[in-house]
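# only geometry, no sequence info:
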Ligand SMILES: *Cc1c(COP(=O)(O)O)cnc(C)c1O
């Protein structure tokens, strides 16, 4: 098929995620034929640097030779098996490795097949443990500006209005504490949290948060001290803490997991996205043996956690996840990223001379800035996106926030190309 045929057939048959489809009357969808490393190639063999890691999932480049080989091995062995009553080698290895990589208190793995489902598991399970302890705590606590996915439960605990407002009448009850805006704001945010806990604490099952970076909330980076204190305050009151590390896990914040920088251990840890380095849908919720034991009883006591997804613990996905962990182990990724991160910061700083570039921020392998001072209805982020495509860089701004969250295999030359191109693009934009 050629580009036009694909676009026509696509527009006839596909409703794309998170998209006003009418936008595609003006802005054609981009058919991708293949990928290698940080590059995606279209049907005219134009290359695009994937600056957003294909929605934050890719870690080691497209069509990575090592992961490909492990996936091919697995595909000739076992593609999938029901995980209720059965198990397989890939998933037991993966679970053992995840437990060894995380501290005591994260001792068991419960699998699902995407990020939102992991959040649903953690929400239901935290409510259910309290119930088993004879307490009905029917509310959840989350932070302003948070994002946890778009199924009904996950949407309920999120706070990005754009995704939420239409559905608010059908969502579950949730209390929202303010996320610190900056380091000067931490004391205030903790006081507000305390007020909420004093008033509502008894009714709250769990506090869910994205530690250190609220990615969908315009890459808002906030204090690790706040996270530490907030977690302690909740745990002291018997409220479970759920860390949604779906976006930030696997090295994005500079450590393998974000909780490492907060000096606390959550009661539930949700992982997805990078877990398979962008190859296959998979997610896992980790929790303590204590929580696990509360559900462990003779069947007729009706204490089992009866939650499942058809593709839970898929064998191909587990093979990709094991290959991903191999790469972290064998290639010193976290240390190498530190150097890469410094280089990106220095390169991005060249954009600060542009008047309307503001709030430059970064942590680990996440980099962002805002385009400010434009008329409220102007979609300047979209203008940058379109201009980026013309010079072979794939950005997908969040509103007027431009972010750079590349695969970890990106080279210095490619980084330079991205920021030189961005500078040219931004300089051509007029107020
Ligand atoms: C992407 C994301 C989710 C949802 O994961 P899906 O796989 O898209 O359902 C949840 N939480 C955070 C922080 C995310 O970035």
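Looks like it came in fine. These numbers come from a predicted model, not from an experiment. Residues are numbered from 1 along each chain as shown.
# who are the neighbours in contact with residue 136?
If you count contacts by C-beta atoms under 8 Å, 6 or more residues apart in numbering, residue 136 has them with residue 130. For glycine as for every other residue, the C-beta is placed from the backbone atoms N, C-alpha and C.
# Oops, could you answer that again for residue 62 instead?
Residues counted as contacts of residue 62 (C-beta under 8 Å, 6+ apart) are 34-40, 50, 54, 278, 407.
# so can I have a markdown table of those residues showing pLDDT, secondary structure and distance to residue 199?
Output for the contacts of residue 62, formatted as a markdown table (pLDDT from 0 to 100; DSSP: H, G, I helix; E, B strand; the rest coil; distance: C-beta to C-beta, whole Å):
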| residue | pLDDT | secondary structure | distance to residue 199 |
| --- | --- | --- | --- |
| 34 | 98 | strand | 55 |
| 35 | 98 | strand | 51 |
| 36 | 98 | strand | 55 |
| 37 | 98 | strand | 52 |
| 38 | 98 | coil | 49 |
| 39 | 98 | strand | 53 |
| 40 | 98 | strand | 50 |
| 50 | 98 | strand | 46 |
| 54 | 98 | helix | 42 |
| 278 | 98 | coil | 42 |
| 407 | 98 | coil | 45 |
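# Now cross-check these against the ligand and list the overlap.
Of the entries in the contacts of residue 62, none also sits close to the ligand under the rule C-beta under 6 Å from any ligand atom.
# and the residues you listed, which are buried?
Buried members of these, counted by 16 or more other C-beta atoms under 10 Å: 35, 37-40, 50, 54, 278, 407.
# Let me have those in a markdown table, extended by distance to residue 270.
Putting those into a markdown table (distance: C-beta to C-beta, whole Å) gives the following:
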| residue | distance to residue 270 |
| --- | --- |
| 35 | 27 |
| 37 | 29 |
| 38 | 27 |
| 39 | 30 |
| 40 | 28 |
| 50 | 24 |
| 54 | 20 |
| 278 | 17 |
| 407 | 22 |
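# Max pairwise distance over those residues: which two?
Distances among these were taken as C-beta to C-beta; the most separated pair is 39 and 278, at 13.8 Å.
# which residues touch the closest residue to residue 147 other than its chain neighbours?
Distances taken as C-beta to C-beta, 6 or more residues apart in numbering place residue 216 nearest to residue 147, at 3.4 Å, with adjacent residues excluded. Contacts for residue 216 (C-beta under 8 Å, 6+ apart) come out as 147, 160, 247, 398.
# For the ligand, see how far away residue 216 is.
Distance check for residue 216 against the ligand: by C-beta to the nearest ligand atom, to the nearest Å, it reads 6 Å.
# what's the pLDDT at the residue of the stretch 201-350 of the chain found nearest the ligand?
Proximity of the stretch 201-350 of the chain to the ligand (C-beta to the nearest ligand atom) peaks at residue 247, 3.3 Å away. Per-residue pLDDT puts residue 247 at 98.
# cool, and the one 5 residues further on?
Each residue has a pLDDT score; the one for residue 252 is 98.
# Am I right that it is in contact with residue 364?
Yes - proximity of residue 252 to residue 364 meets the contact threshold set by C-beta atoms under 8 Å, at 5.6 Å.
# More neighbours: which of these two?
residue 252 (27 against 22; other C-beta atoms under 10 Å).
# The more buried one is in what secondary structure piece?
Using DSSP states H and E, residue 252 sits within no helix or strand.
# contacting residues for it?
Contacts of residue 252 (C-beta under 8 Å, 6+ apart): 56, 213, 258, 274, 364-366, 405.
# Any chance you could list what contacts the host helix or strand of residue 285?
In this structure, residue 285 sits in strand 283-287 according to DSSP H and E. Strand 283-287 has contacts (C-beta under 8 Å, 6+ apart) with 95, 98-99, 102, 106-115, 117-118, 121-122, 125, 246, 267-272, 275.
# How about the contacts made by the residue in the chain that the ligand sits nearest to?
As assessed by C-beta to the nearest ligand atom, the ligand sits closest to residue 115 within the chain, at 2.0 Å. The contact partners of residue 115, taken as C-beta under 8 Å, 6+ apart, are 149, 154, 244, 246-247, 270, 272-273, 283.
# Kindly recompute the last result at 6 Å.
149, 246, 272, 283 (C-beta atoms under 6 Å, 6 or more residues apart in numbering).
# Quick one: mean pLDDT for stretch 1-10?
96.
# From the contact counts, what lies against the next helix or strand after the strand holding residue 285?
As assigned by DSSP H and E, the chain's next helix or strand after strand 283-287 is helix 289-294. Contacts defined by 3 or more C-beta pairs under 6 Å, 6 or more residues apart in numbering; DSSP states H and E place helix 289-294 against helix 115-132.
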